[in-house]
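**Q** my questions concern the predicted model and sequence given below.
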Amino acid sequence: MPAIRIGEFAVDRIADYEGPFFAPADFFPDFDPAVVSENAELLGPRLIEPGTGKLMFSFHSFVVRTGRHTILIDSCIGNDKDRPSRPQFHRMRGPFIDDLARLGIRPEEVDYVMCTHLHWDHVGWNTRLQNGSWVPTFPNAKYVMAKTEYDHWQDFHASGADSPHALAFEDSILPVVKTGQALLVGDDYALDDGLWFEAYPGHTPGNVVIHARSGGASGVFIGDVLHHPLQCIKPAWSTMACTDPALSRVSRTRLIEEHADSGALILPAHFPAPTVGHIRPHQSAFRFDFAS
Ligand SMILES: [Zn+2]
C-alpha cells in the first residue's frame, strides 16, 4: 500500500534524514519566540523539539507512480557527497536505494526526476559515485529542471562561490547534463500524466511547485515554498536560505492563501512525518493539518 494517494497516483516518501535541525532564530530572521509559546498546542513536540526548541525537519523525496510512469520529485541529499559546511551530511551513507527497493522500484525503473529547485538537499540522489566518478543514479530517467533555475545556478557555480549549492551543481547536476538526461524546461512545463510546474520564485529564482491531478483529486508538491508548519501561522517568515526573501514572502503568502481550504493535498519537502496535509484558515492566519 502506498503511503499517500492522489486519485489514481500512488505516492511514497523516502527520507535521508528526519529529526531536529535548525534553531528557529538561525533559520527565520524574523523569528519571534512568542509565536511558538502562543501556539504550543498547535505545534507540539512533533514540530518543535522539546528542550532545545529546534525545528523538527525531514529531508525526503517523493516517489509518484502515475500508472504510466515512475517519477521522483526532488532527490534529497545523496550519498558520498562532499558537503564540508554540512558535517552531518558530509560523505553520508544512507539507505535510500534500499528504501526504493522496498517499494519495489529499481533505479532503472525511474522515468523522470522532477526538481522543484536546485538546492543541494533536493538534487543529491541525481547522481551516485561509481569508480570515482559521479554517474546518474537513474540511468533511464529524464531529469526535468526549470531553465531559469538551471541558468541561475550555472552562473553561481561559474562565479566560484564556496557553497554546498555550487558543489551540488558540480556533482549532481552537470553529470546528468553530460549524459544528455537533463531536460531544461519552461516554468510551466506539463507532463501529460497530470503533473505540471508553476512558478513560485523567491526561495530560488526559478523555484517551481509541481501540481498533480488524478481522478478528481489534486495535490501540490510545494518544495521549499514552506519549510515548516510555523510559516502557516507566520506566512511572512522567509528563511536565511531564500535567495530573495521579499519575493519568497510574496510567493509563500500566495500559495497559502490559494490553498487554504482548496481541498488540495499539500506535499512539502521538509515537514516531518506524516508530512502531507491541508492548509486551513486559523484565527487571523492559517494552520497546517497533517493527514494521518
Ligand atoms: Zn530544502
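**A** Cool, the structure landed. Note that the structure is a prediction, hence the values are computed from the model and not measured. Numbering: from 1, shown residues only.

**Q** grab the nearest non-local neighbour of the single nearest residue of the stretch 151-292 of the chain relative to the ion.
**A** The nearest approach of the stretch 151-292 of the chain to the ion comes at D224, 4.4 Å away (Cβ to the ion). Glycine gets a C-beta too; all of them are placed from N, C-alpha and C. Residue nearest to D224 in three dimensions, not counting chain neighbours: H203, with 4.9 Å by Cβ to Cβ, 6 or more residues apart in numbering.

**Q** how about T148?
**A** G206 (3.3 Å).

**Q** and F290, by the same measure?
**A** Nearest to F290 is G277, by Cβ to Cβ, 6+ apart, at 4.1 Å.

**Q** ditto for T52
**A** Take T52 and drop its neighbours on the chain: the residue closest to it by Cβ to Cβ, 6+ apart is P20, 6.1 Å away.

**Q** what is the least confident helix or strand in the chain?
**A** helix 40-47 (a mean of 93; mean pLDDT, DSSP states H and E).

**Q** give me the low-pLDDT residue ranges for the protein?
**A** Applying pLDDT under 70 to the chain picks out residues 1-2.

**Q** show me where it has its helices.
**A** 24-27, 33-38, 40-47, 96-102, 120-123, 147-158, 164-168, 174-178, 230-233, 245-259 (DSSP state H).

**Q** hmm, the longest one in reach of the ion?
**A** This points to helix 245-259. No - Helix 245-259 lies out of reach of the ion by Cβ under 5 Å from the ion, never closer than 12.5 Å.

**Q** list the helices and strands that helix packs on?
**A** strand 217-223, helix 230-233, strand 277-282 (3 or more Cβ pairs under 8 Å, 6 or more residues apart in numbering; DSSP states H and E).

**Q** tell me who's in contact with the residue in the stretch 51-200 of the chain that the ion sits nearest to.
**A** Residue nearest to the ion within the stretch 51-200 of the chain (Cβ to the ion): D121, separated by 4.5 Å. By Cβ atoms under 8 Å, 6 or more residues apart in numbering, the contact set of D121 is F59, C76, I77, F89.

**Q** try 10 Å this time
**A** Residues near D121 by Cβ atoms under 10 Å, 6 or more residues apart in numbering: 16-17, 57, 59-60, 74-78, 83, 86, 89, 164-165, 168, 224, 241, 269-270.

**Q** then P84?
**A** H90, R91, D162, P164, L167.

**Q** switch the cut-off to 6 Å
**A** H90 (Cβ atoms under 6 Å, 6 or more residues apart in numbering).

**Q** and the contacts of stretch 30-48?
**A** Against stretch 30-48 from outside (Cβ under 6 Å, 6+ apart): P24, A25, M56, P229, I233, K234, W237, R287.

**Q** rerun that using 10 Å as the cut-off
**A** 20, 23-25, 28, 50-51, 53-57, 228-230, 232-234, 236-239, 245, 249, 271-274, 282-283, 285, 287-290.

**Q** what subset of these is buried?
**A** With burial judged by 16 or more other Cβ atoms under 10 Å, the buried subset of these is 20, 24, 28, 54-57, 228-230, 232-234, 237-239, 245, 249, 271-272, 285, 287-288, 290.

**Q** which residue packs closest to H122, ignoring adjacent ones?
**A** H122 sits nearest to D74 (Cβ to Cβ, 6+ apart), 4.3 Å away.

**Q** ok, the longest strand anywhere in the chain: who's next to it in the sheet?
**A** Secondary structure of the chain per DSSP state E: the longest strand is strand 9-20. Counting by DSSP bridges, the strands paired with strand 9-20 are strand 4-6 (antiparallel), strand 56-65 (antiparallel).

**Q** how about it and the ion, touching?
**A** No - against the ion, strand 9-20 shows no contacts by Cβ under 5 Å from the ion, the least distance being 11.2 Å.

**Q** what is the orientation angle of that strand with strand 217-223?
**A** Taking axes from the mean of the first three to the mean of the last three Cα atoms, to 10 degrees, one finds strand 9-20 and strand 217-223 inclined to each other by 40 degrees.

**Q** can I get strand 9-20 as PDB, trimmed to CA atoms?
**A** C-alpha atoms of strand 9-20 as PDB (Å, rounded to 0.1, in the frame of the first residue of the first chain):
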ATOM      1  CA  PHE A   9      -1.500   8.300  -8.200                       C
ATOM      2  CA  ALA A  10       0.400   6.300  -5.500                       C
ATOM      3  CA  VAL A  11       2.800   8.500  -3.600                       C
ATOM      4  CA  ASP A  12       5.600   7.300  -1.200                       C
ATOM      5  CA  ARG A  13       8.200   9.200   0.700                       C
ATOM      6  CA  ILE A  14      11.900   8.300   1.200                       C
ATOM      7  CA  ALA A  15      13.800  10.300   3.800                       C
ATOM      8  CA  ASP A  16      17.500  10.800   4.000                       C
ATOM      9  CA  TYR A  17      17.200  12.400   7.500                       C
ATOM     10  CA  GLU A  18      14.400  13.200   9.900                       C
ATOM     11  CA  GLY A  19      14.900  14.900  13.200                       C
ATOM     12  CA  PRO A  20      15.700  18.200  14.900                       C
END
